[in-house]
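Trainee: model this:
(one chain, ligands or ions: 2)
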Amino acid sequence: MLLHIPNVLDTETVQHCRARLASGCWQDGRITAGSQSAQVKRNLQLPDQDPIAREVGDLILTALKHNGLFFSAALPKRIFPPLFNRYEGGMDFGNHVDNAIRTINSTGELVRTDLSCTLFLADPDEYEGGELVIEDTYGLHSVKLPAGDMILYPSTSLHRVEPVTQGARLASFFWLQSMVRSDQHRSMLFDLDMAIVSLRNRLGDAEELISLTSHYHNLLRLWAEI
Ligand SMILES: O=C(O)CCC(=O)C(=O)O
Ligand SMILES: [Fe+2]
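Mentor: Numbering: from 1, shown residues only. Ligands and ions are numbered 1, 2, ... in the order given. Take a look at the predicted model:
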């Protein structure tokens, strides 16, 4: 499932994050790349332990904690601390699949990457190019979102970032391990949850919603690993 989550950060918070990130110690993005992706990666990143990256990363994690759409779609078990990248002057990131397992350096914890996330921190009219192109069984999806919005996509997908030929593209990117490993099961739970929410808004506490809600929880109980 590919999901656009709008307004993870509001305009004011995006501005605050950008001001903080501007003073970070930006380095060659190959610091976090595996050997295949290092060959196709041309961007800048903040090191994972950079204090500014951790401060802004925590702000993003706090915003996500309060985001119901994110929780329902991702059913997160472990979230890799958000990283930050920047593309300018023709930089790009060619086709690759993200590493399956990531180690959180500060704790030694392992994260299986079920879902990949990009939170855009620059508006589309601030740069040329820079689309995140994601390939799935239904074809290619080209993603370029307003600042503060996030895309969630299965980490199994082949993806790339097109060259940024003008301006600068700033984003946060990270991965998460979901309580529900199967993308298919997770998508079914998400659709069921959204249908229940929409029915409740339309009908109030209808009798049938008790049964649908029970099914949601009983399926989650069946499929979740915690
Ligand atoms: O910048 C992005 O949108 C994605 C970055 C990416 O694919 C990666 O770092 O693995
Ligand atoms: Fe990637």
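
Trainee: Please list the residues of the protein that sit near ligand 1.
Mentor: 85, 93, 98, 118, 132, 159, 161, 171, 173 (CB under 6 Å from any ligand atom). Just so you know, the C-beta spots here come from the backbone N, C-alpha and C atoms, and that holds for glycine as well.

Trainee: now with 5 Å?
Mentor: With CB under 5 Å from any ligand atom as the criterion, the chain meets ligand 1 at residues 118, 132, 161, 171, 173.

Trainee: Mark which of the residues you listed are buried, thanks.
Mentor: 118, 132, 161, 171, 173 (16 or more other CB atoms under 10 Å).

Trainee: And the chain, split by domain according to the record?
Mentor: 3-178, 183-223 (automatic domain parsing).

Trainee: Which helix or strand contains the closest residue to ligand 1 within the chain?
Mentor: Going by CB to the nearest ligand atom, ligand 1 is nearest to residue 118 of the chain, at 3.5 Å. Under the criterion of DSSP states H and E, residue 118 resides in strand 115-120.

Trainee: any idea which helix is longest in the protein?
Mentor: helix 183-203 (DSSP state H).

Trainee: Mind giving me the packing neighbours of the longest strand along the chain?
Mentor: Ranked by residue count and defined by DSSP state E, the top strand of the chain is strand 164-178. Secondary-structure packing of strand 164-178 (3 or more CB pairs under 8 Å, 6 or more residues apart in numbering; DSSP states H and E): helix 51-65, strand 76-79, strand 83-88, strand 110-112, strand 115-120, strand 127-129.

Trainee: check contacts around residue 175.
Mentor: 79, 80, 98, 102, 111, 113, 114, 115, 116, 117, 155 (CB atoms under 8 Å, 6 or more residues apart in numbering).

Trainee: From the centroid of the chain, which residue is nearest?
Mentor: A centroid search over the chain (CA atoms, centre = their mean) returns residue 117, at 1.4 Å, as the residue closest to the centre.

Trainee: for it, what are its contacts?
Mentor: 150, 151, 152, 153, 172, 173, 174, 175, 176 are the contacts of residue 117 under CB under 8 Å, 6+ apart.

Trainee: So which of those residues is surrounded by the most neighbours?
Mentor: Of all the contacts of residue 117, the highest neighbour tally under other CB atoms under 10 Å goes to residue 150, namely 26 neighbours.

Trainee: Out of the contacts of residue 175, which comes closest to residue 35?
Mentor: residue 98 (13.4 Å; CB to CB).

Trainee: The closest one and residue 174: what is the separation?
Mentor: 10 Å (CB to CB, to the nearest Å).

Trainee: intersection of neighbour lists for those two?
Mentor: Joint contacts of residue 98 and residue 174 (CB under 8 Å, 6+ apart) are residue 116.

Trainee: Give me the distance from stretch 50-64 to the chain's centre.
Mentor: 14 Å (CA atoms, centre = their mean, to the nearest Å).

Trainee: Give me the buried stretch members for that stretch, please.
Mentor: Buried, per 16+ other CB under 10 Å, within stretch 50-64: 50, 52, 53, 56, 57, 59, 60, 63, 64.
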